[in-house]
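[1] based on what follows, work out the 3D shape:
(one chain, ligands or ions: 1)
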Amino acid sequence: MAPLVSDGLTLEMVRDFLIGQEDTIIFCLLQRAKHPLNKNAYDKSFPAIPGRSGSFADIMIRDAESLYAKFGRYENPEEHPFFPECLPGSCVTGASFPKIFHPAAASINVNPAVWNAYFDQLLPLIAEPGDDGNYATTVACDLACLQALSKRIHYGKYVAEVKFRNETDKYEPAIRSRDREALMNLLTFKKVEEMVKRRVEKKAMTFGQEVTLDDSKERRKIDPGVVSRMYDEWVMPLTKEVEVEYLLLRLD
Ligand SMILES: O=C(O)C(=O)C[C@]1(C(=O)O)C=C[C@@H](O)C=C1
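    As a prediction, this is how the structure comes out:
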């Protein structure tokens, strides 16, 4: 397939976006960490809203996405819903987005894995135990975290597109033979990953610093090591999974 558009996209531009998105993710996590865990909000057996099934978080996020869909949020290829089934169509006219991806890219959505990693692994590490009953505020923070993480991870589509354009001759044989391992090796840069982990840890340390006049009482709002681990264990692996999935579709 011929290049989709000559958009001047470079690997440096895409990596700059990923670096900027680190700030967004960390600020969202800091907001969520202000609230206790509020585990009833995620418990499907907790009677959250009469007449509706699912946890409070399921219901609120589904309804929020329905509103976003009406206003065209998911027309943007950078946005991926967590509840894509039964979303209403957009009633916004005239919005158009550059066609950078192969059209098949629209079918790639790893949000179920983002959802599970966020709620099962990350949330218990950033929120203190407890319940203040403020479920709507808490879930609004969760949704902001989920959207920021999802956007970062699905940016793997851009990363893969640029890498494919830069080195088509290397990627094409692995795509044609559907060799996931070879694709994973081609797109992996261990040194870049190490830098990402160190940078997000430093950012979490800096942005999450409790500012007091007494330097002896220094405290962190979230554990910087948790942010670095989150990138190592699932943010970067899921980004790479998106890259592989995209590449496998790139010649269709
Ligand atoms: O920067 C890249 O080349 C990417 O593919 C992104 C990313 C990441 O998720 O941060 C993923 C794989 C690479 O090994 C390095 C970094």
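[2] my guess is residue 186 meets residue 172, correct?
    No - Residue 186 lies out of contact with residue 172 (CB atoms under 8 Å); the separation is 10.8 Å. C-betas here are computed from N, CA, C, even on glycine.
[3] pick out whichever of those two has more residues nearby.
    When residue 186 is set against residue 172 and neighbours are counted by other CB atoms under 10 Å, the residue ahead is residue 186, at 18 against 14.
[4] so that one, which state does it fall into?
    Assigned with DSSP: H, G, I helix; E, B strand; the rest coil, residue 186 falls in the helix class.
[5] now do it against residue 10, distance only.
    According to CB to CB, to the nearest Å, residue 186 stands 18 Å off from residue 10.
[6] same question for residue 43.
    Using CB to CB, residue 43 is found at 46 Å from residue 10.
[7] quick one: contacts for residue 209?
    218, 220, 221 (CB atoms under 8 Å, 6 or more residues apart in numbering).
[8] with residue 203 instead?
    For residue 203, the contact set (CB under 8 Å, 6+ apart) comprises 22, 23, 26, 227.
[9] count the residues that sit near the last one.
    Okay, so that is residue 227. Residues within reach of residue 227, counting by other CB under 10 Å, total 27.
[10] for it, which non-adjacent residue is spatially closest?
    Once flanking residues are discounted, residue 227 sits nearest to residue 204: 4.1 Å by CB to CB, 6 or more residues apart in numbering.
[11] and that neighbour, what element?
    In this structure, residue 204 sits in helix 190-207 according to DSSP states H and E.
[12] now that helix, how far from the centre of its chain.
    On the basis of CA atoms, centre = their mean, to the nearest Å, helix 190-207 sits 17 Å off its chain's mean C-alpha point.
[13] let the chain start at 18 from now.
    With 18 as the first residue, the last one maps to helix 207-224.
[14] so which bits of that helix are buried?
    Buried positions in helix 207-224, judged by neighbour count with 16 or more other CB atoms under 10 Å: 210, 213, 214, 217, 218, 220, 221, 222, 224.
[15] do that helix and the ligand come into contact?
    Yes - interface with the ligand: helix 207-224 contributes 209, 210, 213 (CB under 6 Å from any ligand atom).
[16] which residues does the last one contact?
    By CB under 8 Å, 6+ apart, the contact set of residue 213 is 35, 39, 248, 253.
[17] mind running it again at 6 Å?
    By CB atoms under 6 Å, 6 or more residues apart in numbering, the contact set of residue 213 is residue 248.
[18] quick check: it vs residue 32, distance?
    Counting by CB to CB, the gap from residue 213 to residue 32 is 9 Å.
[19] likewise for the first one?
    When distances are taken as CB to CB, residue 209 and residue 32 turn out to be 8 Å apart.
[20] burial of residue 155, as a residue count?
    26.
[21] does it touch residue 52 like I think?
    Yes - if you go by CB atoms under 6 Å, residue 155 and residue 52 touch, sitting 4.6 Å apart.
[22] how many residues are close by residue 204?
    For residue 204, the neighbour count with other CB under 10 Å is 21.
[23] ok, it - contacts?
    Going by CB under 6 Å, 6+ apart, residue 204 touches 180, 260.
[24] how close does it sit to residue 122?
    Counting by CB to CB, the gap from residue 204 to residue 122 is 15 Å.
[25] which residue ranges of the chain form strands?
    Remark: no strands are assigned in the chain by DSSP state E.
[26] write out the residues of it neighbouring the ligand.
    Residues of the chain that fall close to the ligand, judged by CB under 6 Å from any ligand atom: 32, 35, 176, 204-206, 209-210, 213, 253, 256-257, 260.
[27] 5 Å - rerun?
    176, 205, 206, 209, 210, 213, 253, 256 (CB under 5 Å from any ligand atom).
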